[in-house]
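> sequence? don't have it. structure:
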């Protein structure tokens, strides 16, 4: 089998209603991606997720620097291809960020091809670990622009739907307001529901020390991205000082950065995202590293769960998966949660294939 054609795309799928966290305002979710065609008729879909900004730079990288290296290659040589692209022309100017997100899209498409050609869903192709589904926690009811009334309604609805965990956003200009929202949510969902909060990098070390301590009383499962994601030492100080575990990984772009976080004892839940590190190939390496330290994996879903459901189902140390349903309806086999658990995909591939009418409707490039 040989790669015969590489075609990039950008889709912008509306988010209704628009959301905000402490750092982003999002009206659309962007899929900057690639379709890789083979001479045996298999087509692999891969993409990375954005807030609909910078997609052009991601697909330009694929078109100009990665696609010419792919033509004629055997997609089953995915690790060799990964090394060729990772250490190729983009290595000098980008070993993270755009370059890695572009490589992630390519790598995901190649794994999609391999699983399709093997006639297995990716989680089985990788070696399945969870045959009865994946525990899901829901983030989609806790946005920072929600009023307190809507926040409480949404989180209680989520619990009634069968989710055993909820996450809300914090990072208001006045941390006292965060405190009152966290307190109210804990009272609304009861003591048995898993409860996480996500700061989206908005605290400095002093704020995090002070308010992290104050919020411990609400039995938080984790404190997510409290500081700048490049501040490994600051996260280590927090991990040492707080009883609430530190979770991060959404903005950590390489196995080497995860290695440093883990070796410093600065991370307690690993949220490695397949669309931010350079695809499935590197995600699996980070998962192996985390496993050697018995650090649980709970991925951030820049893919909205389509690919991660396979990775979690194939990884022993991955304990649950975030659920945000913004783009699920565009896929041939959408990520689906029932009774608080992801239903394992059955179709061959990585669940990345997009329904043609939605591909055309939301395509901007």
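Now that the structure is in, tell me what you want to look at. On a predicted model such as this, the values are computed, not experimentally measured, just so you know.
> alpha carbons only for contacts and neighbour counts from here, please
Noted.
> can you map out the strands along the stretch 201-350 of the chain?
222-224, 246-248, 269-270, 321-323, 337-338, 341-342 (DSSP state E, counting those that start in this stretch).
> These: which one's closest to residue 172?
Closest of the strands of the stretch 201-350 of the chain to residue 172 is strand 222-224, at 14.7 Å (criterion: C-alpha to C-alpha).
> From the contact counts, what lies against that closest one?
strand 194-198, strand 246-248 (3 or more C-alpha pairs under 8 Å, 6 or more residues apart in numbering; DSSP states H and E).
> Of the ones you listed, flag the one that's most buried.
Mean neighbours per residue, mean count of other C-alpha atoms under 10 Å, is largest over the helices and strands packed on strand 222-224 for strand 246-248, with a mean of 27.
> now it: how far from the chain's centre is it?
13 Å (C-alpha atoms, centre = their mean, to the nearest Å).
> So which residues make contact with it?
Defining contact as C-alpha atoms under 8 Å, 6 or more residues apart in numbering, one finds that strand 246-248 is touched by 222-225, 229, 235, 238-239, 266-272.
> Just the buried ones out of those residues, please.
Neighbour-count burial (16 or more other C-alpha atoms under 10 Å) is assigned, among the contacts of strand 246-248, to 222-225, 229, 235, 238-239, 266-272.
> Select, from the residues you listed, the two members most distant in space.
238 and 272 (19.6 Å).
> What sits closest to residue 183 if chain neighbours are left out?
residue 218 (6.8 Å; C-alpha to C-alpha, 6 or more residues apart in numbering).
> How is the protein divided into domains?
Here the domain assignment for the chain is 3-119+356-362, 123-342, based on automatic domain parsing.
> which stretch among those domains comes nearest residue 350?
For the domains of the chain, the distance to residue 350 is smallest for domain 3-119+356-362, at 4.9 Å, taking C-alpha to C-alpha.
> center of the protein, which residue is that?
Central residue check for the chain by C-alpha atoms, centre = their mean: the C-alpha nearest the mean position is that of residue 301, 2.4 Å away.
> so that residue makes contact with residue 249?
No: contact criterion C-alpha atoms under 8 Å: residue 301 and residue 249 do not qualify, at 10.6 Å.
> Find residues that contact each of those two.
Common neighbours of residue 301 and residue 249 (C-alpha under 8 Å, 6+ apart) are residue 273.
> for this protein, which helix is longest?
helix 98-117 (DSSP state H).
> Now do the buried residues in that one.
Neighbour counts over helix 98-117 (16+ other C-alpha under 10 Å) mark 98-117 as buried.
> which helices and strands sit right next to that helix?
Checking 3+ C-alpha pairs under 8 Å, 6+ apart, helix 98-117 ends up next to strand 25-38, strand 43-50, helix 55-61, helix 78-86, helix 122-125, helix 279-292.
> sorry, back to before: list the contacts of the residue nearest to the centre of the chain.
Shown in contact with residue 301 (C-alpha under 8 Å, 6+ apart): 273, 308, 321, 322, 323, 324.
> Roughly how far does it sit from residue 308?
Distance, residue 301 to residue 308, using C-alpha to C-alpha, to the nearest Å: 7 Å.
> Tell me which residues of the biggest strand by length in the chain come out buried.
What stands out as the longest strand in the chain, according to DSSP state E, is strand 3-20. By 16+ other C-alpha under 10 Å, the buried positions in strand 3-20 come out as 3, 4, 5, 6, 8, 9, 10, 11, 12, 13, 14, 19.
> packing partners for it?
Short answer (3+ C-alpha pairs under 8 Å, 6+ apart): strand 3-20 packs on strand 25-38, helix 55-61, helix 67-70, helix 356-362.
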